[in-house]
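[1] prediction below, plus the sequence it came from.
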Amino acid sequence: MKGMILLASVLCGMGFITLCGYLLLQRSPELVGKMMSKLQASGRRTLNLSEFQAQHAVAFASGHAFLVALCGAIGWLISGNLIGGVVAAVVLYLLPARWFAWQRKKRRQQIESELPDALLFIASALRAGSALSVAIQVLVRDQVGPLGQEFGLVLKEQRLGVSFDDAIQKMSQRLGIPDFVLVVVALRVSKEVGGNLSEPLQVLAETLRRKAILEGRIKALTAQGRIQGLVMTLFPLLLMGVLYLMQPTMSLLFTTTIGWVVLTVIAIMLMLGYAMIRKIVAIDI
């Protein structure tokens, strides 16, 4: 009961502080502008966003800060320890950045897998006599994945008056894929100099396809190392949990200063070991 009362008090206090801050900001436009720019920079830094992708960074940064404080307060009330609240706040602070990084990596891998087929499609359309803009329009119409969305954005920018070179260069910056730089160079050179664009696009598509096959083989050969790194990292934690249930004296790790120091050293060593294993098995081609 006391915990619920304390939680309600914390929520009321946070709401009161938020209301007072809102009323204060309404009376100071310059302060609002400075705080908004800082929140936008914080949102981009937390999510690793570019200027193009940061439209909602201000709302995310403010909401994220509120949720981090709330989660820290709830963790403190549930665990009855300030360290538990700090751990909960840190986890919630790092979780969105990791989730967005995972989503970005997943989207990038999907674009890389769709790129060879898209290049072959454009090369076939050019060989059939279609113009480059028409080939891209047909690709956008038939392509359902994220690569079609990116090319669709290129077409929309062209309708707004952006040149093809600038639009395709912005697309390359958004994607951040080194292989797509070759595609940009081929498209820009063909548009400026002329010539048969279908042949270099077809050769580039075959090269990217062979590279994808090689990367798949490397990933299959290094899968055992990645699993070993994960098992070696999680096994000490599992063993610690079993010993904590079997031996009551293991509770000293969580209640004494020496125990917290030992847990900190264990966490640092496990993270360093996992990072080293991931670095060893990460083969870039």
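    On my side now, so go ahead.
[2] tell me the mean pLDDT for the host helix or strand of M240?
    With elements delineated by DSSP states H and E, M240 resides in helix 223-246, which encompasses its position. For helix 223-246, the per-residue pLDDT values average out at 84.
[3] name the next helix or strand downstream of that helix, please.
    Counting by DSSP H and E, the next helix or strand C-terminal to helix 223-246 is helix 252-255.
[4] the domain parsing of this structure - what is it?
    2-80, 110-217, 222-281 (automatic domain parsing).
[5] just for the protein, where's the confidence low?
    Segments of the chain classed as low confidence (criterion: pLDDT under 70) are 1-66, 79-84, 191, 193-195, 284-285.
[6] what is the helix or strand harbouring A267 packed up against?
    Secondary structure assignment for A267, by DSSP H and E: helix 257-281. Contacts defined by 3 or more CB pairs under 8 Å, 6 or more residues apart in numbering; DSSP states H and E place helix 257-281 against helix 223-246, helix 252-255. Heads up, the C-betas are built off the backbone N, CA and C, glycines and all.
[7] nearest to L187, of these?
    L187 lies closest to helix 223-246 among the helices and strands packed on helix 257-281, at 36.0 Å (CB to CB).
[8] got the buried residues for that closest one?
    Residues of helix 223-246 classed as buried: 229, 233 (neighbour count, 16 or more other CB atoms under 10 Å).
[9] quick one, it and helix 257-281 angle?
    Going by axes from the mean of the first three to the mean of the last three CA atoms, to 10 degrees, helix 223-246 is angled at 170 degrees with respect to helix 257-281.
[10] C-terminal to the helix or strand hosting L95, what's the next element?
    For L95, the element it lies in under DSSP H and E is helix 82-127. Proceeding N to C from helix 82-127, the next assigned helix or strand is helix 132-142, under DSSP H and E.
[11] tell me the buried residues in that next one?
    If you call a residue buried by 16+ other CB under 10 Å, then helix 132-142 has these buried ones: 132, 135-137, 139-140.
[12] quick one: list the elements packing against it.
    helix 82-127, helix 146-159, helix 178-193.
[13] and if we set it to 7 Å?
    Secondary structure elements in contact with helix 132-142, counted by 3 or more CB pairs under 7 Å, 6 or more residues apart in numbering; DSSP states H and E, are helix 82-127, helix 146-159.
[14] name the residues of the last one that come out as buried.
    Of all the residues in helix 146-159, those buried under the rule 16+ other CB under 10 Å are 147-148, 150-155, 157-158.
[15] just to revisit the earlier point, show me what the helix holding M240 is in contact with.
    Outside helix 223-246, the residues within contact range by CB atoms under 7 Å, 6 or more residues apart in numbering are 250, 266, 270, 273-274, 277-278, 280-281.
[16] which of those lies closest to L119?
    V281 (29.9 Å).
[17] count the neighbours of that closest one for me.
    One way to gauge burial is a neighbour count; for V281, by other CB atoms under 10 Å, it gives 18.
[18] what sits against it?
    Contact analysis of V281 by CB under 7 Å, 6+ apart lists 222, 225-226.
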